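Participant: Sequence plus the predicted model coming up.
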Amino acid sequence: MTPPPRTEERVDCSHCGLPVPAGRVEIGAEEQCCCGGCRIVFQTLRSSGLGEDYYALRARFDDASGAEPARATGRSYEAYDRETFQDEHVRRIPGPDGAPGLAQVDLLLEGVRCAACVWLVERLPKLIPGVVEVRLRMRDARVTIVYSPEHVALSRIARELDALGYPAHPPGAEEQRELARRAERGHLIRMGVAAVCAGNAMLVAFALYSGREGGIDPSHAALFRWTGLALGWLSILWPGRTFLRGAWAALRTGTGHLDLPIAIALVAGALAGTWNTVTGRGEAYFDSLTVLVFLLLVGRYVQARQQRWAADAVDLTRALTPASWRVGREAGPPRAEAGEGALDERAVGDVFEVRPGEPFPADGVLESGRSRVDRALLSGESEPVAVEPGDDVHAGTQNVASVVRMSVAEVGASSRVGRLMGLVEEGLAHKPPIQRLTDRIAGVFVVVVCGLGVANFLLWSVRADLATAIDHTVALLIVACPCARGRATPLTLAVAVGRAARSGLLVKDAAVFERLVRRGRLLLDKTGTLTHGEPRLVQWTGDPAARADVAAVEAHSNHPIARALVRDLEE
């Protein structure tokens, strides 16, 4: 077999820009691809007419140092059309007068790297008839797709995303937690490096400051200054590169970003400190710069933890549904035997056994047994409601009195609590007016601060000298940076939403906090909204010695009144 022709000249991939292996170079071909995935994506973009605009945008926004081959896998995604997957991850949007409506699904995408990726994914409605809207969040690569199930299958949409180089995955809670843990570990590592650099840079600076009073050998002073320089540049280029990347992105997109004045101050101070270290005179600045990097990273870590805490508080689906279920003995095929299974194995038609004190795992109909159900989650009423065979029960509500069996009608995102959480997530995804106003003010303020920094530098360069101009300019950029203004508003809203969720209040739109500060009327239609939502022992009449006996008798009962007696009498 004749080996393929080889060439010594480097040939770049037409899609990702990486070198094409010699064995894949096609002599005389205009387009060259380093792998099958890049070829599939390149041909898809060219046939759809989006290639020219996509590559132009990527050349503007992308970072060539992070280039990688396309990840087209060629999977069929047939499982995405199965009923169990649809019930778990797809939310139906009913049409007018009972007509077939739309569907909404969230997916996690691989390979999302820059604004060009966002632009391309959001052009999906132009490629596939039946796709109504696509929104992609770059920070967590989560895409929300609204489509018509009557005109296009979800597997077709997933295959098209795969062909564009973005393999799709259903957003599992464990995957989200793993991504959050990974991001937090990376932030902690950067913060630890910044702390080590700041601590040692301060010790070096302390030695230099002490040497000014008591005298220090010039060789030792030079050693300390060069050590501080190394620590300073290490802090700026490793943990501090977060601010440099943000500033570079702001310059490329022509927008004002909070990282811009920070990066200018860090780079200006580091260059001035380097010059002073080389010349052996003036301040080195690196002790202050390393401490600044560390404190800013600490602030961002606190903000990220608070926002993650708020997001966990809002995500009530894990707390409102059990981790496993018991199949009832009356269940039909394919699960005729009683036993336990994982929650994600639920299917419409299964029969579950729900014991007193347990929440219902899905929406359905009571098959056997009579009990009382606590519906405070959905209705706000604290009084449990009596149910009997044929009555509807909903996921997240709690069985109170006796063992019952239910047949499943809706699971996952299609259940009432799933739709409720979908509305909450959709509302919180939109920025309230106060946050949009704050973002605009912060963007303008960043530009103003940078302009004042330039004017301040020129003024002090004329009135004094270069060193004084640098000192005053760096101080202005650091002190005037609107970090508090730009980060306080989203952080405050996130904490407010999280605390409300932990108190049993689901906030569908964070803009409500802005409206609550104004004068007006608040209408409440449920008594459970104003009360604690659970009975409490108010007064004891009778023999006080019987209190302990009553608490002992009711200790193993799940009835709300029994739990109230045990809670208030156990002392």
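Facilitator: All right, it came through fine.
Participant: Flag the shaky bits of the stretch 301-450 of the chain, pLDDT-wise.
Facilitator: Residues of the stretch 301-450 of the chain that meet the criterion pLDDT under 70 lie in 306-347, 380, 382, 412-413, 425-431, 435, 439.
Participant: Ranking helices and strands of the protein by mean pLDDT, which lands last?
Facilitator: Within the chain, no helix or strand scores below strand 339-342, which has a mean of 48 by mean pLDDT, DSSP states H and E.
Participant: Who are the packing partners of the next helix or strand after that one?
Facilitator: Using DSSP states H and E, the helix or strand that follows strand 339-342 in sequence is strand 351-354. Packing partners of strand 351-354 (3 or more Cβ pairs under 8 Å, 6 or more residues apart in numbering; DSSP states H and E): strand 324-327, strand 404-410. Glycine gets a C-beta too; all of them are placed from N, C-alpha and C.
Participant: How about the backbone phi and psi for the nearest residue to Ala263 once chain neighbours are set aside?
Facilitator: Spatially, and ignoring its direct neighbours in sequence, Ala263 is nearest to Ala247 (3.4 Å; Cβ to Cβ, 6 or more residues apart in numbering). Dihedral angles of Ala247 (phi, psi; degrees, to the nearest 10) stand at phi -70, psi -40.
Participant: again with the one 4 residues further on
Facilitator: The phi and psi values for Leu251, taken as degrees, to the nearest 10, are phi -70, psi -40.
Participant: Tell me which helix or strand the spatially closest residue to it that is not a sequence neighbour sits in.
Facilitator: Leaving aside its sequence neighbours, Leu251 sits nearest to Leu260 (Cβ to Cβ, 6+ apart; 7.4 Å). Assessed by DSSP H and E, Leu260 sits inside helix 259-279.
Participant: and that helix, how far out from the chain's middle?
Facilitator: On the basis of Cα atoms, centre = their mean, to the nearest Å, helix 259-279 sits 33 Å off its chain's mean C-alpha point.
Participant: What helices and strands are in contact with it?
Facilitator: helix 218-237, helix 241-253, helix 286-314, helix 433-463, helix 466-479.
Participant: Dump those helices into a markdown table; add mean neighbour count and distance to Val512 as well.
Facilitator: Below are the helices and strands packed on helix 259-279 laid out as a markdown table (neighbours: other Cβ atoms under 10 Å; distance: least, Cβ to Cβ, whole Å):
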| stretch | mean neighbour count | distance to Val512 |
| --- | --- | --- |
| helix 218-237 | 18 | 42 |
| helix 241-253 | 17 | 31 |
| helix 286-314 | 19 | 14 |
| helix 433-463 | 15 | 11 |
| helix 466-479 | 18 | 35 |
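Participant: So for Leu491, which of those sits nearest?
Facilitator: Closest to Leu491 of those, according to Cβ to Cβ: helix 286-314, at 5.2 Å.
Participant: Nearest to Val134 among the helices and strands packed on helix 259-279 would be which one?
Facilitator: Val134 lies closest, by Cβ to Cβ, to one member of the helices and strands packed on helix 259-279: helix 241-253, at 21.1 Å.
Participant: Contacts for the closest one, please.
Facilitator: Identification of contacts with helix 241-253 by Cβ atoms under 8 Å, 6 or more residues apart in numbering yields 60-61, 115, 190, 236-237, 256-260, 262-264, 266-267, 293, 296-297, 300, 446.
Participant: now the end-to-end length of stretch 233-251.
Facilitator: The first and last residues of stretch 233-251 sit 22 Å apart, counting by Cα to Cα, to the nearest Å.
Participant: any idea of the mean pLDDT for that stretch?
Facilitator: Average pLDDT, stretch 233-251: 87.
Participant: For Val152, which non-adjacent residue is closest in space?
Facilitator: Val152 sits nearest to Gly130 (Cβ to Cβ, 6+ apart), 3.2 Å away.
Participant: pLDDT wise, what is the one you found at?
Facilitator: At Gly130, pLDDT is 90.
Participant: my guess is Ile561 contacts Pro535, does it?
Facilitator: Yes: using Cβ atoms under 8 Å, Ile561 is in contact with Pro535, at 5.8 Å.
Participant: out of the two, which sits in the more crowded spot?
Facilitator: Each of Ile561 and Pro535 has its neighbours counted (other Cβ atoms under 10 Å); Pro535 has more, 18 against 14.
Participant: Helix, strand, or coil at Gly396?
Facilitator: Secondary structure, DSSP: H, G, I helix; E, B strand; the rest coil: Gly396 is coil.
Participant: What number of residues are in the vicinity of it?
Facilitator: For Gly396, the neighbour count with other Cβ under 10 Å is 25.
Participant: Tell me the spacing between the residue nearest to Asp259 when sequence neighbours are not counted and Leu260.
Facilitator: What sits nearest to Asp259 in space, not counting adjacent residues and going by Cβ to Cβ, 6+ apart, is Gly246, at 3.0 Å. Here the distance between Gly246 and Leu260 works out to 8 Å (Cβ to Cβ, to the nearest Å).
Participant: can you check Leu45 too?
Facilitator: Per Cβ to Cβ, Leu45 is found 33 Å from Leu260.
Participant: do the same with Cys13
Facilitator: According to Cβ to Cβ, Cys13 and Leu260 sit 33 Å apart.
Participant: tell me, how many neighbours does Gln539 end up with?
Facilitator: 4.
Participant: contacting residues for it?
Facilitator: Counting by Cβ under 8 Å, 6+ apart, Gln539 touches no other residue.
Participant: please renumber so the chain begins at 685
Facilitator: In the new numbering, first residue 685, that becomes Gln1223.
Participant: what about it, which SS state?
Facilitator: The three-state assignment at Gln1223 reads coil, by three-state DSSP.
Participant: again with the one 3 residues further on
Facilitator: Gly1226 carries the three-state label coil when classified by three-state DSSP.
Participant: so Gly1048 is in which element?
Facilitator: Secondary structure assignment for Gly1048, by DSSP H and E: strand 1047-1052.
Participant: List the buried residues in that strand.
Facilitator: Asp1047, Gly1048, Leu1050, Glu1051 (16 or more other Cβ atoms under 10 Å).
Participant: Save these as a markdown table, and put in distance to Val1163 too.
Facilitator: Formatted as a markdown table, the buried residues of strand 1047-1052 follow (distance: Cβ to Cβ, whole Å):
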| residue | distance to Val1163 |
| --- | --- |
| Asp1047 | 56 |
| Gly1048 | 61 |
| Leu1050 | 65 |
| Glu1051 | 68 |
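Participant: just those residues now: which is nearest Gly779?
Facilitator: Using Cβ to Cβ, Asp1047 comes nearest to Gly779 of the buried residues of strand 1047-1052, at 20.6 Å.
Participant: List the contacts of that closest one.
Facilitator: Asp1047 sits next to Asp1076, Val1077, His1078, Ala1079, Val1092, Ala1093, Glu1094, Val1095, Ser1098, Ser1099, Arg1100 when contact means Cβ under 8 Å, 6+ apart.
Participant: separation between it and Val1032?
Facilitator: 10 Å.
Participant: Quick check: neighbours shared by those two?
Facilitator: Taking Cβ under 8 Å, 6+ apart as the criterion, Asp1047 and Val1032 both touch Val1092, Ala1093, Glu1094, Val1095.
Participant: other SSEs contacting the longest helix seen in the chain?
Facilitator: The longest helix of the chain (DSSP state H) is helix 857-898. Applying 3+ Cβ pairs under 8 Å, 6+ apart, we find helix 857-898 packed against helix 902-921, helix 970-998.
Participant: Need those helices in CSV (columns: distance to Leu820).
Facilitator: Below are the helices and strands packed on helix 857-898 laid out as CSV (distance: least, Cβ to Cβ, whole Å):
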stretch, distance to Leu820
helix 902-921, 31
helix 970-998, 19
